[in-house]
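Asks: Give me the fold of what follows.
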Amino acid sequence: MTDKTISLTPGKRVLFLTKDPELIRKQLRGELDLRMEDLSVDDLLSDINTDAMTPAWVCFAYDPAVIAKNAYAGLIVDGERLIETDALKNAGFEVFVSGVRKGVGSSRETAVQAEKWSGGRIAIAASFAPIHGRNNINQGVLMADHDVLVRLQNGEAVPLTEFQKGYDPITTEIVDAGGLFPFLKLLEAGEVSVPPLPDREAQPMTMAEKVLARHLLDRRDGDLPTLRPGDAVLVRVDAGYSHEFTTAQVHHFLKEEFGPDYTVVNPDRFAVFEDHLIYADGVPKMAPFGDQIEVLRVMQREFQSHTGVRDYSARDGVSPGICHEIAREEFLEPGDLVQATDSHTCMGGGNNALAWGVGATEYAALVKSGFTFIKVPESIRFEFSGSLRPGVSAKDVMLYILLHYAKPQKTLDRVMEFAGEGIAALSMDERGTLANMATECSAKTGIVEADEESYRWIAGHRPDADIEAMRARAVTADPGAHYDGGVHKINLDAIRPMVATPGNPDSGIPSDPTNGALIDGLGDISIDIAYGGSCTAGKADDMDQYATVLKDALAHGMKVADGVGLFIQFGSKKVEDYARAQGYLEVFTKAGANVIAPGCGACIGCGPGVSDREEQVTVSAINRNFKGRSGPGKMYLASPYTVAASAVMGRIAAYEEGMFEIRGQV
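Replies: As a prediction, the model looks like this:
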């Protein structure tokens, strides 16, 4: 145990990210220095998301020093940046203070780098989103709560152990070393070691515990130790991927830490994708960053050529599709352990894989070594019964869970298990939606129990699939397994269409059961943009849902309302081929939709469907609606059914059969 202590540096300052923007401005100007004793947690900004800390355009740089120049560029007040270029570094802050759940949203490690390379070394909050917290640890940024800050501001030298409370032994060593790369070098030199697991009798395990037990680095054949939440383990990683938004930094870190001749293990199970920025060149506000984006593409090609990982680059400017969709179609297997540089990596859980997003530092380390460190997470289980009613989708289920379980933080940093007889009534695409949006719940990940439909679907996408091998590797929870988050039963028959209001995915409002086309308390909300696409809503089943609504509208002489732009984007080339074979492209264009080739885009503010004015209103089927995520306008989240119905009605409306009949006769 270390005897190090931490004190505030003389001459350095503390920045309180208050709800009052004027207080932040005064701190930046050096006119005010606040003390935690004079504030409450409620005075501070909570749920600060990584898009606000480093918006997409800031991430076009891969050098952390350049990224830090625009730290918090996404904090916008009255249409203007609250924190200008170089403001944090110039003001001399070393501590950044916020409220609850700091770092929600994307897995981008740039959010941590922006603070660290601005001079920050301590982050204070009541709680941290899982991936963001891990990125702090990996980058050597200390985390603590507000009580520790009071002690620091009172001049106390606080023991480093206070910043390591609740940490497992390996994380404690990483913090003591000053970050992940320094720790790995100490581990390789034999100067630190991984403590052995405690001896336990065999006990029931959750799905996550089983996957991790099977992947223990030092596991002997036939041996399956019992794991429990909090255990610190080194585990083999089966697969992973990065994309042009993140690969350049991975490549940069690997060269910096291990030299230009570095190698990676198992390149055939790792991949690069060109999907996130494929349409950025066509967005006017992204035009000034064209050269930076091209640098990212070039560096990704260098990384792929250097390492030999799978190559899913664009061909003739056309992407093969979104990484999460292609990964589940082509190489994620039941029982896999998967790590990738994107928060929606958890979508692999629909395939019964244990998958979540990590930062560039963590990914660089694991792709180099083939293993990674994991603290065994707690789990929470959702058992479904019944089946969804017409016009209701898995997106509505997740907005329901976000409202009732994520908002009270029952899912925070836990693995969400999805099981029960109701799973059989959900397609693999709908199961993908469940797993995908676990990260919106600030969960560690989501994982869905496999069944014969899982194996059939995977085999249908892969000619060399081995169904018997999949059955053998798939995981189910043991009867009697312990769930720290509890076991929660949800009747799918009772789920109604949901809409999340602008600002956060957990702000869902259900439809009115007496009038399904209306949303309780939402009022009459006219829209300008309707967007259907992204990893969450660009799958084959999502295309079925858009088509169902638009076919109904066309049958009654209706199409997309005047003044509304409807954008439908495919998640992969296979999805596009499916939609073409079903005749959906004709339906979409005849109804007045703009059809977009595969890739990301509007979901990260880098493609058609992005708002360009604050007064614009969007209803979108993507997974998160943080301010500025997809342009400056107001964004409501909804299912593919609701997005298509709203586009036709010109206002937010849940879909129900017959809703166009009267309108079409007028």
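Asks: remind me, longest strand of the protein?
Replies: In the chain, ranked by residue count with DSSP state E as the criterion, the top strand is strand 379-385.
Asks: Which strands or helices does the following helix or strand past that strand pack on?
Replies: Stepping forward along the backbone from strand 379-385, the first helix or strand reached (DSSP states H and E) is helix 394-401. With contacts defined as 3 or more Cβ pairs under 8 Å, 6 or more residues apart in numbering; DSSP states H and E, the secondary structure elements packing on helix 394-401 are helix 428-436, strand 487-491, strand 498-500, strand 508-512. C-beta coordinates here come from the backbone N, C-alpha and C atoms, glycine included.
Asks: between these, which one is nearest to Lys285?
Replies: Evaluated with Cβ to Cβ, those place strand 498-500 nearest to Lys285, the distance being 24.7 Å.
Asks: can you give me the helices in the stretch 51-200 of the chain?
Replies: Along the stretch 51-200 of the chain, counting by DSSP state H, counting those that start in this stretch, helices occupy 64-68, 87-91, 110-116, 130-139, 146-153, 169-177, 180-188.
Asks: Same list as before, those helices that is, but in a markdown table and with mean neighbour count and distance to Asn491 included.
Replies: Converted to a markdown table, those look like this (neighbours: other Cβ atoms under 10 Å; distance: least, Cβ to Cβ, whole Å):
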| stretch | mean neighbour count | distance to Asn491 |
| --- | --- | --- |
| helix 64-68 | 19 | 46 |
| helix 87-91 | 19 | 49 |
| helix 110-116 | 28 | 38 |
| helix 130-139 | 26 | 29 |
| helix 146-153 | 17 | 40 |
| helix 169-177 | 21 | 39 |
| helix 180-188 | 18 | 44 |
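Asks: show me the contacts for Phe626.
Replies: For Phe626, the contact set (Cβ atoms under 8 Å, 6 or more residues apart in numbering) comprises Asn49, Asp51, Ala52, Gly105, Gly503, Asn504.
Asks: Please identify the nearest residue in space to it, excluding sequence neighbours.
Replies: With sequence-adjacent residues excluded and distances taken as Cβ to Cβ, 6 or more residues apart in numbering, Phe626 is closest to Asn49, at 4.7 Å.
Asks: Check the contact between Ala394 and Leu434; I expect there is one.
Replies: Yes. With contacts counted by Cβ atoms under 8 Å, Ala394 reaches Leu434, the gap being 5.5 Å.
Asks: Quick check: neighbours shared by the two?
Replies: Taking Cβ under 8 Å, 6+ apart as the criterion, Ala394 and Leu434 both touch Leu426.
Asks: and the two? which has more neighbours close in?
Replies: Each of Ala394 and Leu434 had its neighbours counted (other Cβ atoms under 10 Å), and the higher figure belongs to Ala394 (29 against 26).
Asks: Let me see the contact set for the nearest residue in space to Cys59 that is not next to it in sequence.
Replies: Closest residue to Cys59 apart from its sequence neighbours, by Cβ to Cβ, 6+ apart: Thr110 at 5.1 Å. Remark: with contacts taken as Cβ under 8 Å, 6+ apart, Thr110 is in contact with Thr50, Met53, Thr54, Val58, Cys59, Pro64, Ile67, Gln249.
Asks: and those, which are buried?
Replies: Buried residues within the contacts of Thr110, counting neighbours by 16 or more other Cβ atoms under 10 Å: Thr50, Met53, Thr54, Val58, Cys59, Pro64, Ile67, Gln249.
Asks: Can you pick out the most distant pair from these?
Replies: The largest separation in the buried ones among the contacts of Thr110, counting by Cβ to Cβ, is between Met53 and Gln249 at 15.5 Å.
Asks: For the longest strand of the chain, which strands pair with it and how are they oriented?
Replies: Paired neighbours of strand 379-385 in the sheet (DSSP bridges): strand 415-419 (parallel), strand 487-491 (parallel).
Asks: what's the angle from it to helix 394-401?
Replies: With axes from the mean of the first three to the mean of the last three Cα atoms, to 10 degrees applied, the angle from strand 379-385 to helix 394-401 works out at 130 degrees.
Asks: quick one: average pLDDT of strand 379-385?
Replies: Averaged across strand 379-385, the pLDDT comes to 98.
Asks: try stretch 199-206
Replies: The predicted model assigns stretch 199-206 a mean pLDDT of 94.
Asks: That stretch spans what distance, first to last residue?
Replies: Using Cα to Cα, to the nearest Å, the gap from the first to the last residue of stretch 199-206 comes to 18 Å.
Asks: rewinding a little: hmm, Arg101 and the residue nearest to Phe626 touching each other?
Replies: No. Contact criterion Cβ under 8 Å: Asn49 and Arg101 do not qualify, at 9.3 Å.
Asks: So which of those two has more stuff around it?
Replies: With other Cβ under 10 Å as the criterion, Asn49 and Arg101 differ in neighbour count, and Asn49 comes out ahead with 23 against 19.
Asks: Contacts only, for the more buried one.
Replies: For Asn49, the set of contacting residues under the criterion of Cβ under 8 Å, 6+ apart consists of Gly74, Gly103, Val104, Gly105, Ser106, Arg624, Phe626.
Asks: And for Val564, the neighbour number?
Replies: Counted with other Cβ under 10 Å, the burial measure for Val564 works out to 20 neighbours.
Asks: any idea how far it is from Gly282?
Replies: Summarising the geometry, the distance separating Val564 from Gly282, computed by Cβ to Cβ, to the nearest Å, is 20 Å.
Asks: Provide the secondary structure category for His252.
Replies: Using DSSP: H, G, I helix; E, B strand; the rest coil as the criterion, the local structure at His252 reads helix.
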